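Asker: Fold the following for me, if possible:
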Amino acid sequence: MKKHLNILVIAIVLLISSCKKEEYKAAQSGVVGMSGTWWTEVYYDGNQDGRIDGLDNPDSLDALIISYSDFGEPALLTSNTASNTGDSILMDDILDVWPFKAKFGVDYASLTMKPSSGNANLKIDGESISIISGKVLKGAATTLSGGKTDSIFVEFEFSDDPGSYYVFSGHKNTGFPEDVH
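Answerer: Okay, here's the model as predicted:
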């Protein structure tokens with residue numbers, strides 16, 4: 001009888017220990033804090049100072065080229081690269097406003113894009129993109145519904161328009177219908 005009791009206790013212990021559930025942890029992108037779809041506006045930075053100002057001034061060199069409402073949906077996608085490291089992102093103009101898709105170096109700790117030139121445009125053979133500056137600002141944007149979300153600012157120079165700087169500036173898509181422009 002004691003032998004059967006010992007076997008029963010061992011079986012119960014094994015059954016309980018085998019039922020222990022481990023919580024599943026999904027793999028996470030190396031640049032998760034910089035990834036997403038973004039509502040952006042596109043500006044021409046006429047004085048190449050990295051700021052868009054004086055848009056109401058007729059003498060300003062800066063100009064709004066495309067506003068949120070012109071797109072009707074998020075226009076920019078940032079994601080991890082195939083290597084899934086924290087040192088680069090893939091950026092795609094998903095609406096082909098200025099068709100580009102390129103890999104850019106980042107400093108993930110400061111959520112900034114590293115200035116670089118000659119990045120291959122994966123959408124147009126023989127074209128390249130230079131990134132002048134770029135940054136993701138956590139919780140710095142206010143959506144149409146009044147909520148907070150991340151903001152993005154990226155300044156580019158395209159090889160087919162050398163000497164001209166363009167700024168994509170906007171905020172992360174929340175997915176809520178009340179935040180659609």
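
Asker: least trustworthy helix or strand in this structure by mean pLDDT?
Answerer: Taking mean pLDDT, DSSP states H and E as the measure, the chain has helix 2-18 as its least confident helix or strand, at a mean of 65.

Asker: Tell me who's in contact with the residue lying closest to Gly54 once chain neighbours are set aside.
Answerer: If the residues on either side of it in the chain are set aside, Gly54 comes closest to Ser60, at 3.4 Å by C-beta to C-beta, 6 or more residues apart in numbering. The way it works is simple: take the backbone N, C-alpha and C, and place the C-beta from them, glycine included. Contacts were defined as C-beta atoms under 8 Å, 6 or more residues apart in numbering; by that measure Ser60 touches Gly46, Asp53, Gly54.

Asker: Relative to Tyr43, how far out is Ser60?
Answerer: Here Ser60 is placed at a distance of 11 Å from Tyr43 (C-beta to C-beta, to the nearest Å).

Asker: same thing with Phe158?
Answerer: Phe158 is 14 Å from Tyr43, by C-beta to C-beta.

Asker: who touches both of the two?
Answerer: Tyr166.

Asker: more neighbours, the two?
Answerer: Set side by side, Phe158 and Tyr43 show unequal neighbour counts under other C-beta atoms under 10 Å, the larger going to Tyr43 at 22 against 18.

Asker: Confirm that one sits in a strand?
Answerer: Yes: counting by DSSP: H, G, I helix; E, B strand; the rest coil, Tyr43 is located in a strand.

Asker: That one pairs with what?
Answerer: Leu64, Val167 (DSSP bridges).

Asker: residue contacts, it?
Answerer: Under the criterion of C-beta under 8 Å, 6+ apart, the contact partners of Tyr43 comprise Ile52, Asp62, Ala63, Leu64, Ile65, Tyr166, Val167, Ser169.

Asker: among the residues you listed, who's most crowded?
Answerer: Val167 leads those on contacts (other C-beta under 10 Å) with 24 neighbours.
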